[in-house]
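Q: Have a look at this prediction, sequence included:
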Amino acid sequence: MKRKATLTLTLTLAMLLLGIFAGINYFKLRTNELPFRCSAFSRYDLSRNDNKKIEFAVSQDLRFINSDSGYLLLNGQITFGDEVTTVNRRIALSAGNKIDSDTYRYKIREIITSTNDTTPDAVFNLLLAEITLDPGYLQLDIIRVDKKAYLVGGPLSYLFTCQRY
């Protein structure tokens, strides 16, 4: 009888400690997750064989302020044929949620164009199509590679690596 009580007490204590450690790790990960901010520089070459150069050289600053809102800043230059334009836009995000362990989905609330942006919307939409499947939503996989380095992927491919700050 004494042996059974000791075994029951030991198992109960072990399960209690396991539950406490699991809870601590769960809440520790949740508090570290948001706000999420990272930046990167990327080059997208969408040129085809028709001798029309389409190249985007942009810095990207991704910020998930909380689980419901955030934004993506795109700044840089676009080469479209013989023309070089400046892109400086903010994609405002809302109605966000985390749809699995590393995937976030946000509604694109609006795209704000800066006064120094000289890129036509039709050309900018080519870049937007590289980042999103649907122009109304931004869905990104955020995969941790190192302590502060992340691989950011879209629905079609990995888009960029970034440094969290």
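A: That came in fine, so what should we check first?
Q: C-alpha from now on. contacts and neighbour counts both.
A: OK.
Q: next SSE after the top strand by length along the chain?
A: Taking DSSP state E as the criterion, the chain has its longest strand at strand 83-98. Heading C-terminal from strand 83-98, the first helix or strand you meet, by DSSP states H and E, is strand 103-113.
Q: now the helix or strand following that next one, how far from the centre of its chain.
A: Per DSSP H and E, strand 103-113 leads on to helix 121-131 as the next helix or strand towards the C-terminus. Distance of helix 121-131 from the chain centroid (CA atoms, centre = their mean, to the nearest Å) equals 17 Å.
Q: what about Thr161, neighbour count?
A: Using other CA atoms under 10 Å, Thr161 has 20 other residues around it.
Q: my read: it touches Tyr150, true?
A: Yes - between Thr161 and Tyr150 there is a contact at 5.5 Å, judged by CA atoms under 8 Å.
Q: isn't Leu73 right next to Asn88, touching?
A: Yes - contact criterion CA under 8 Å: Leu73 and Asn88 qualify, at 7.5 Å.
Q: Would you mark the buried spots in the longest strand of the chain?
A: Within strand 83-98, the residues scored as buried using 16 or more other CA atoms under 10 Å are Thr85, Thr86, Val87, Asn88, Arg89, Arg90, Ile91, Ala92, Leu93, Ser94, Gly96, Asn97.
Q: nearest to Ser39, of the residues you listed?
A: Nearest to Ser39 among the buried residues of strand 83-98: Arg90, at 13.6 Å, using CA to CA.
Q: follow-up on the earlier one: tell me which other helices or strands the longest strand of the chain touches.
A: Under the contact criterion of 3 or more CA pairs under 8 Å, 6 or more residues apart in numbering; DSSP states H and E, strand 83-98 touches strand 70-80, strand 103-113.
Q: deepest of the ones you listed, which one?
A: Sort those by mean neighbour count, taking mean count of other CA atoms under 10 Å, and strand 70-80 sits at the top with a mean of 20.
Q: ok, that strand: who's next to it in the sheet?
A: strand 54-64 (antiparallel), strand 83-98 (antiparallel) (DSSP bridges).
Q: Name the residues linked to Ala57 by a beta bridge.
A: What pairs with Ala57, by the bridge criterion (DSSP bridges), is Arg43, Gln77.
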